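Chemist: Predicted coordinates and the sequence they were generated for:
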Amino acid sequence: MRHFILALAVATCLTGCDRMQAAFTPIPEKVNAAFPLPDEVDIARTRLLAALEGDKAAHDRAATHLAQLMNARALACSASTPVGRFDTAAGIQRR
């Protein structure tokens, strides 16, 4: 009987893993996961950062600036539709 209860408890916890992960994921990260950049833009970003590998300071500045732009993009996208703590990327995308 104990094994059954333990198995049931573990199964219940595992079904909520997506919800728990969503609860601790920042909203901009959820929105950017739901609506990723187009492939061309992502490739250009990767190439830019790769080109700056030799200059650590410039690379760090560019990476920080791009992260700030992604954060602003996510906040602008979520301004009209509120995103809750337990919303997942798939749930946000369905809206």
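Modeler: Cool, the structure landed. Bear in mind that the values here come from a model prediction, so they are computed numbers and not experimental data.
Chemist: Could you report the distance from the residue most central in space within the chain to Gln21?
Modeler: When the chain is reduced to its mean C-alpha position, the nearest residue by Cα atoms, centre = their mean turns out to be Glu29, at 2.9 Å. Applying Cβ to Cβ, to the nearest Å, the value for Glu29 to Gln21 is 11 Å. All C-beta spots, glycine's among them, are computed from the backbone N, C-alpha and C.
Chemist: Then Ala89?
Modeler: 10 Å.
Chemist: of those two, who's got more company?
Modeler: Set side by side, Ala89 and Gln21 show more neighbours around Ala89, with 19 against 11, by other Cβ atoms under 10 Å.
Chemist: Show the contacting residues for that one.
Modeler: Ala89 is in contact with 30-31, 33-34, counting by Cβ atoms under 8 Å, 6 or more residues apart in numbering.
Chemist: cool, Arg85 as well?
Modeler: Residues near Arg85 by Cβ under 8 Å, 6+ apart: 22-23.
Chemist: now it: how far from Glu53?
Modeler: Counting by Cβ to Cβ, the separation of Arg85 from Glu53 is 37 Å.
Chemist: what does the average pLDDT come to for stretch 30-41?
Modeler: Stretch 30-41 shows a mean pLDDT of 94.
Chemist: Centre of the chain to that stretch, how far?
Modeler: 9 Å (Cα atoms, centre = their mean, to the nearest Å).
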